[in-house]
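Undergrad: Need a 3D model of the sequence below.
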Amino acid sequence: MPLLSVKDLRTYFHTRNGIYRAVDGVSFSIERGETLGIVGESGSGKSVTCYSIMGLVPQPPGRIESGTAHFDGVDLLHCTPRESRSLRGKRIAMIFQDPMTSLNPYMRISEQLIEPLLIHGSISRRAALDQALSMLDAVGINDAAKRIHYYPHEFSGGMRQRVMIAMALITQPELLIADEPTTALDVTVQAQILELIKRLQKEFNMAVIFITHDLGVVSGLCDRVQVMYGGRIIETASTRSLFYEPRHPYTKALQQSIPSLQQKGTQLFTIPGMPPDLSKPLPGCPFAPRCSSAIQACREKPIELAPCGNGHEQSCSRVQAGEI
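TA: Numbers count the residues shown, from 1 in each chain. Below you'll find the model as predicted:
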């Protein structure tokens, strides 16, 4: 039985300018100890999917229109606030994209680190502080006994991200959601953070959902990958299968956009056009207006994910028909 199973999740934002279908029928599952990557351009619905699961979508304007998200037998989308609070921060944790805006600038790091332990466990402040020091050591912060009393602005960007990881992992959660945790970091620090997440995942046997737009990060971290576009999953496969045998035209275009795979001196490949306007209905494939292989039928009828061998699924009608 999967640790988390999401079925037909739809999250819409009701605004004065229309209804934005940020997540439109997303289904996936993740096993204990597994790493699932969610990739796609900005605005494809990656973060909103996980914010919906965590109950962090502002309502209004957001509204979860349908779906279920069963975590170890509890439906996260329909449970009581008390049940949600007992899971969130203890058994399910999240690393946010920008640590500077996620950490409270008026509170010392020590107070923010021990808060999850004081809320979710019967533990003294002294014992909680000892655990916080151990976790700071585990995430590679030197002189933790002194630095734990610093304020967030006294840390560099990479150190703040390590603090966020320590805060998320201090309760040893069963599921960790990492929302582009390395976006604002330089390449060296990025590699250190990714290695840290992998090491702590093995230590705690956590499941990890890793949200990113960087396929290079996915290749060395994830067991499975799902590609999102226009609020929908358009391809899902094992990491190896996705990289060596991409089937959907959008996935192929994302791979062509990786700078390191292109010849020096040539113009970098860019996907033509713009992402879809999610306030307007998308009757067919959401990628059709930008796809060089699209035909009129691609724009007219909904296209469901279909298996194409070894757990690989994609939603291109022409690939399903064997035309491309």
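Undergrad: Flag the shaky bits of the stretch 151-300 of the chain, pLDDT-wise.
TA: Residue ranges of the stretch 151-300 of the chain with pLDDT under 70: 184.
Undergrad: Name the next helix or strand downstream of the helix of greatest length in the chain, please.
TA: Looking across the chain with DSSP state H, the single longest helix is helix 187-204. Counting by DSSP states H and E, the element after helix 187-204 in chain order, helix or strand, is strand 207-212.
Undergrad: Just the residues contacting that next one, thanks.
TA: The contact list for strand 207-212, computed with CB atoms under 8 Å, 6 or more residues apart in numbering, reads 3-4, 30-39, 46-47, 50, 174-180, 182-183, 197, 201, 217-218, 221-222. Where you see a C-beta, it was placed from the backbone N, CA and C, and this is true even at glycine.
Undergrad: Now, of those, which are buried?
TA: Buried subset of these (neighbour count, 16 or more other CB atoms under 10 Å): 3-4, 30, 34-39, 46-47, 50, 174-180, 182, 197, 201, 217-218, 221-222.
Undergrad: Just the element for the nearest residue to residue 246 once chain neighbours are set aside, please.
TA: Distance criterion CB to CB, 6 or more residues apart in numbering; nearest residue to residue 246, sequence neighbours excluded, is residue 252 at 4.9 Å. Following DSSP H and E, one finds residue 252 within helix 249-256.
Undergrad: how about that helix: buried residues?
TA: Quick answer for helix 249-256 (16+ other CB under 10 Å): 249-251, 253-254.
Undergrad: now stretch 301-320
TA: Result for stretch 301-320 [16+ other CB under 10 Å]: buried residues 303, 305, 308, 312-320.
Undergrad: Now render the residues you listed as CSV, adding secondary structure and distance to residue 267.
TA: Shown next, in CSV, are the buried residues of stretch 301-320 (DSSP: H, G, I helix; E, B strand; the rest coil; distance: CB to CB, whole Å):
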residue, secondary structure, distance to residue 267
303, coil, 31
305, coil, 33
308, coil, 32
312, coil, 31
313, strand, 33
314, strand, 28
315, coil, 30
316, coil, 26
317, helix, 31
318, helix, 27
319, helix, 27
320, helix, 32
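Undergrad: Pull the contacting residues for the closest residue to residue 63 other than its chain neighbours.
TA: Once flanking residues are discounted, residue 63 sits nearest to residue 12: 5.7 Å by CB to CB, 6+ apart. Residues near residue 12 by CB under 8 Å, 6+ apart: 19-22, 62-63, 65.
Undergrad: repeat that for 6 Å
TA: 19, 21, 63, 65 (CB atoms under 6 Å, 6 or more residues apart in numbering).
Undergrad: my hunch is that it is in a strand, does that hold up?
TA: Yes. Under DSSP: H, G, I helix; E, B strand; the rest coil, residue 12 sits within a strand.
Undergrad: Return the distance of it relative to residue 293.
TA: 30 Å (CB to CB, to the nearest Å).
Undergrad: ok, back up a step: in strands, which of the contacts of strand 207-212 appear?
TA: Counting by DSSP state E, the part of those found in strands is 4, 30, 35-39, 175-179.
Undergrad: which one of those residues sits closest to residue 130?
TA: residue 176 (22.4 Å; CB to CB).
Undergrad: Surely that closest one touches residue 206?
TA: Yes. Counting by CB atoms under 6 Å, residue 176 does reach residue 206; the two are 5.1 Å apart.
Undergrad: What's the separation between the closest residue to residue 284 other than its chain neighbours and residue 10?
TA: Excluding its sequence neighbours, the residue lying closest to residue 284 (CB to CB, 6+ apart) is residue 299, at 4.3 Å. Using CB to CB, residue 299 is found at 21 Å from residue 10.
Undergrad: can you check residue 258 too?
TA: From residue 258 over to residue 10 (counting by CB to CB), the distance is 31 Å.
Undergrad: same deal with residue 321?
TA: In terms of CB to CB, residue 321 sits 27 Å off from residue 10.
Undergrad: more neighbours, the two?
TA: residue 10 (17 against 9; other CB atoms under 10 Å).
Undergrad: From what I see, the more buried one and residue 64 are in contact.
TA: No. In this structure, residue 10 is not within contact of residue 64 by CB under 6 Å, at 7.1 Å.
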